[in-house]
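Q: 3D model of this:
(one chain, ligands or ions: 1)
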Amino acid sequence: MRKFNLPELPYSNDAFSGFISPETFEYHHGKHHKAYVDKMNSILESDSSYGSQPTLEELVEKTQGGLFNQAGQSWNHTFYWHSMSPEKTEAPGDLKAAIDKSFGSMNDFRAQFVEKGMGNFGSGWTWLVKNSKGTLEIVNTSNAENPIRQGHTPVLVTDVWEHAYYIDHRNARKAYLEKFFDHINWKFAGQNFSGSGIPNMTQFMV
Ligand SMILES: [Fe+2]
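A: Below you'll find the predicted structure:
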């Protein structure tokens, strides 16, 4: 039976001074993300209806209810860790051109992304996605929901559950979103934009 591992962070937990503290990573990655992966594994152990070796992407696309919640949160968090970089990165030319086309400019995109995240009521995720026509959109999802279930390709994501920012920013979601934007891993986003198919998070967890 497939057993997924908690993926390692792609940087040290003190890499984001002034944005995300080691304490937040200890809780968010070490406790919240770990609990989603552990619960997903325990459901998979008692339910063989998804085959012995499902990918995480298959579980996110095809499951419902309790298993979906754990699989969705497992995928979304892995994608989120990789959506951020402690080093400054630049958007590749093709992604930059698509951002200009959809949003006007990088600055306009920043403002619209922060505004969309501010408008995401309750717990959820704010995504940049490539839709089925190849056009970029900003979409919000609630709880564990993932836009691949609406036929979109995720390009990058930020976590707007309070557990993502409350230790460091208390209720200041806007400050967190602005700092997130300034730490986007554009290299990763570019790969997701120009790649074919759904980004592979299974590779980090098996
Ligand atoms: Fe989270």
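Q: Would you map out the domains in the chain?
A: 22-82, 93-197 (automatic domain parsing).
Q: okay, those in TSV with mean neighbour count, mean pLDDT and distance to Asp14 next?
A: Bear in mind the C-beta positions are built from the backbone N, C-alpha and C, glycine included. Conversion of these to TSV gives the following (neighbours: other CB atoms under 10 Å; pLDDT from 0 to 100; distance: least, CB to CB, whole Å):
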stretch	mean neighbour count	mean pLDDT	distance to Asp14
domain 22-82	18	96	5
domain 93-197	17	98	13
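Q: who wins for proximity to the ion among the ones you listed?
A: Set against the ion and scored by CB to the ion, those come closest in domain 93-197, at 4.2 Å.
Q: circling back to that earlier point, can I get the domains of the chain in CSV including distance to Leu6?
A: As requested, the domains of the chain are exported to CSV (distance: least, CB to CB, whole Å):
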stretch, distance to Leu6
domain 22-82, 5
domain 93-197, 16
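Q: so which of the ones you listed comes closest to Arg2?
A: domain 22-82 (5.1 Å; CB to CB).
Q: Endpoints of that closest one, how far apart?
A: 16 Å (CA to CA, to the nearest Å).
Q: now it, how far from the chain's geometric center?
A: Centroid separation between domain 22-82 and its chain, computed with CA atoms, centre = their mean, to the nearest Å, is 12 Å.
Q: ok, Asn143 touching Ser123?
A: Yes - taking contacts as CB atoms under 8 Å, Asn143 lies within contact range of Ser123: 5.9 Å.
Q: can you give me how far stretch 180-189 is from the chain middle?
A: Relative to its chain's centre, stretch 180-189 lies at 11 Å (CA atoms, centre = their mean).
Q: Over to stretch 155-162?
A: For stretch 155-162, the distance to the chain centre is 5 Å (CA atoms, centre = their mean).
Q: So is that stretch next to the ion?
A: Yes - against the ion, stretch 155-162 shows contacts by CB under 5 Å from the ion at 159, 161.
Q: Now that stretch - C-alpha only, PDB.
A: The C-alpha coordinates for stretch 155-162 follow below in PDB (Å, rounded to 0.1, in the frame of the first residue of the first chain):
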ATOM      1  CA  VAL A 155       1.300  27.900 -11.300                       C
ATOM      2  CA  LEU A 156       1.800  29.100  -7.700                       C
ATOM      3  CA  VAL A 157      -0.200  29.300  -4.500                       C
ATOM      4  CA  THR A 158      -0.300  31.000  -1.200                       C
ATOM      5  CA  ASP A 159      -1.900  29.600   2.000                       C
ATOM      6  CA  VAL A 160      -4.500  32.000   3.600                       C
ATOM      7  CA  TRP A 161      -5.500  29.700   6.400                       C
ATOM      8  CA  GLU A 162      -4.800  31.700   9.600                       C
END
